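Would you be able to build a 3D model of this:
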Amino acid sequence: GTRATTAVARLGRIAVIGYASGSWLTLDPLDMVLRNYTAAGVFAGGTVEEDQAAYGQLVELAERGAIRTPVTTVVAFDDVPDVISAVPTAPPGKAVVRIS
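As a prediction, the model looks like this:
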């Protein structure tokens, strides 16, 4: 839990999904304010119907262009180590790995 809060970037977000470590994440409100990050609880155990409805909404949003994922880099599989090492300074967006 502590690693999540020390690793989150300024203006970042933490999704609290469960407690696989055996305990819940402890949040420090002062740290959250000073580094300006947020945390939200995420219930990941919906029914089949709820999951289908949520995915249906996502598909609808994607089809009308309301969700866009900027692709900034397309690389060959052999270049993955370089992409990973560049993550701290990479621009916003996604890296796509082309596997041939």
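
wait, isn't Thr73 in contact with Asp82?
No - counting by Cβ atoms under 8 Å, Thr73 sits too far from Asp82 to count as a contact (9.8 Å). Bear in mind the C-beta positions are built from the backbone N, C-alpha and C, glycine included.

And those two? Which one has more around it.
Thr73 (15 against 11; other Cβ atoms under 10 Å).

From Asp79, how far off is that one?
Thr73 sits 9 Å away from Asp79, going by Cβ to Cβ, to the nearest Å.

same check, this time on Glu60
Taken as Cβ to Cβ, the span from Glu60 to Asp79 is 35 Å.

between those two, who's got more neighbours?
Asp79 (14 against 11).

helix, strand or coil for that one?
Following DSSP: H, G, I helix; E, B strand; the rest coil, the label given to Asp79 is helix.

Who are the contact partners of it?
The contact partners of Asp79, taken as Cβ atoms under 8 Å, 6 or more residues apart in numbering, number zero.
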